[in-house]
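A.B. asks: Sequence below, structure please.
(4 chains)
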Protein chains: 2
Amino acid sequence: MTATRYHHGNLRQALADAAVAAARERGPDGLAVRELARSVGVSHNAAYRHFADRDALVGVVADAGLAGLVTAMDRRLGEVTATEPVARARARLTALGTGYVDFALAEPGLFQVLFTAYPDPPDGSDASDPYGMLNAALDDLVAVGYLDPALREGADVTCWSAVHGFAMLCVGGPLRQLPPVVRDQALAAMLASLDRAYGVRAESSRAE
Amino acid sequence: MTATRYHHGNLRQALADAAVAAARERGPDGLAVRELARSVGVSHNAAYRHFADRDALVGVVADAGLAGLVTAMDRRLGEVTATEPVARARARLTALGTGYVDFALAEPGLFQVLFTAYPDPPDGSDASDPYGMLNAALDDLVAVGYLDPALREGADVTCWSAVHGFAMLCVGGPLRQLPPVVRDQALAAMLASLDRAYGVRAESSRAE
DNA sequence: CACCGGTGTGGACGCTGTCAACATGCGATC
DNA sequence: GATCGCATGTTGACAGCGTCCACACCGGTG
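C.D. replies: Residues are numbered from 1 along each chain as shown, chains lettered A, B, ... in the order given. Presented below is the predicted three-dimensional model:
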């Protein structure tokens, strides 16, 4: 335990912890540098020895949120029991979406902070990033022959958009009052729609 | 012209106009009561004769945003030329989505303000409300025989989520840097996916 | 003409983020 | 082992914010 190292404690970590706690309870607006400093028993401005400005502190909370999001998605991924390749790949895509919304609903404060300060444009190939996880799942869906390769491009943005929009509408958005039961049914219907949209061969996508 | 009626002008309208202008240029954070008062040449606190608090002023901007959103959706609706009922209903749903994103990208500030203060839970039956417009389009899709009635429930939330999520990710979100061309293609792909998901008969939605 | 109430003003309080100057004490150096 | 430097923490200040209160104005009503 290297708790009380320097002058007082290891302030940086203490502030980060307090910031995450505050964000969980009161969302993005609950993150005030002065109040956090006060809450860890240190005078204002001390925080500025460890964080360039408020945004840097928010960034740390965003990182924590991102980690939580990944964890929630991983948890759902782990619950997939199907072994038949196609069924498994489809279930895994749905699991990712469910985990995403799980996190948003369980940690609305962190979720909101995360998307006011998302750690820069994801390249989509990092498997420890939500976007990377999604891409991997979609690639897998192609590999097992369920997703038409012609529909692969843009599928990532489509899936992310659907799930993200659902979360945003339900967390502080216009659908915030939706009863949990209805909400869960709507989510299931949405994920089923995506599954359906991607399981169909391209010839039926003729427009006009 | 009833411009200078009372003491000075009709302050309420002047403040509302200034607020909308500020929101357009600098988003939700650009809405400061004191600054708005200053910008219309009146001392701070004067605004409090016309708006209970800052939230009330933000609400006015949100209303303006909502109106703009409806206008953008209506515009796209008006561009639909198809006459064959099924093709027309499908095109109208896609048009609504396109209009929604049009507005978000053209007026990111208003769009963001709108969704930090959405005028209370929409009941979905008002045809001058975006959610109502969406529901009407979906009902129409059922009426013309394209959308399976069994899939109608939840379709509203699915469509709204997809389009809203796309807008949020592209406006200040992780996908804010997406090149416009790629962005437009992704949107088209998403709308096509929704169209596909709803045009398919239910028997293919068997899971597991 | 007097007055009353809707409207605008000025001042104050407490909160915020951030900068500058000052104090403190750990750890490396002589 | 004493000393010095630098990272760390403190105090004070400034500008900006939202909001409350007391006061000033002025137009329409009695």
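A.B. asks: Buried by neighbour count: which residues of the helix or strand containing residue A:65 qualify?
C.D. replies: Using DSSP states H and E, residue A:65 sits in helix A:54-78. Within helix A:54-78, the residues that count as buried by 16 or more other CB atoms under 10 Å in any protein chain shown are A:54, A:57-62, A:64-66, A:68-70, A:72-73, A:76-77. Using the backbone N, CA and C atoms, a C-beta is placed for each residue, glycine as well.
A.B. asks: okay, now the domains of chain A?
C.D. replies: A:11-52, A:55-207 (automatic domain parsing).
A.B. asks: is the last one anywhere near DNA strand C?
C.D. replies: Yes. Domain A:55-207 lies in contact with DNA strand C when judged by CB under 7 Å from any atom of the strand; the contacting residues are residue A:55.
A.B. asks: Give me the helices and strands touching the host helix or strand of residue A:181, please.
C.D. replies: Under the criterion of DSSP H and E, residue A:181 resides in helix A:180-199. If contacts are counted by 3 or more CB pairs under 8 Å, 6 or more residues apart in numbering or on different chains; DSSP states H and E, helix A:180-199 sits against helix A:85-106, helix A:155-170, helix B:155-170, helix B:180-199.
A.B. asks: still on that earlier bit, could I get the domains of chain A as TSV with mean pLDDT and distance to DNA strand D?
C.D. replies: Formatted as TSV, these follow (pLDDT from 0 to 100; distance: least, CB to the nearest atom of the strand, whole Å):
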stretch	mean pLDDT	distance to DNA strand D
domain A:11-52	96	4
domain A:55-207	93	13
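A.B. asks: what about the residue lying closest to residue A:169 once chain neighbours are set aside, which SS state?
C.D. replies: In this structure, residue A:169 finds its nearest non-sequential neighbour in residue A:175, 4.1 Å apart by CB to CB, 6 or more residues apart in numbering or on different chains. Three-state call for residue A:175 (DSSP: H, G, I helix; E, B strand; the rest coil): coil.
A.B. asks: give me phi/psi at residue A:15?
C.D. replies: phi -70, psi -40 (degrees, to the nearest 10).
A.B. asks: Give me the number of neighbouring residues for it.
C.D. replies: Per other CB atoms under 10 Å in any protein chain shown, the neighbour tally for residue A:15 reads 24.
A.B. asks: got the contact list for residue A:134?
C.D. replies: A:93, A:96, A:156, A:159, A:160 (CB atoms under 8 Å, 6 or more residues apart in numbering or on different chains).
A.B. asks: Relative to DNA strand C, how far out is it?
C.D. replies: 33 Å (CB to the nearest atom of the strand, to the nearest Å).
A.B. asks: Once you drop chain neighbours, what's closest to the closest residue to chain B within chain A?
C.D. replies: Closest approach between chain A and chain B, counting by CB to the nearest CB: residue A:165, at 2.6 Å. Spatially, and ignoring its direct neighbours in sequence, residue A:165 is nearest to residue B:165 (2.6 Å; CB to CB, 6+ apart).
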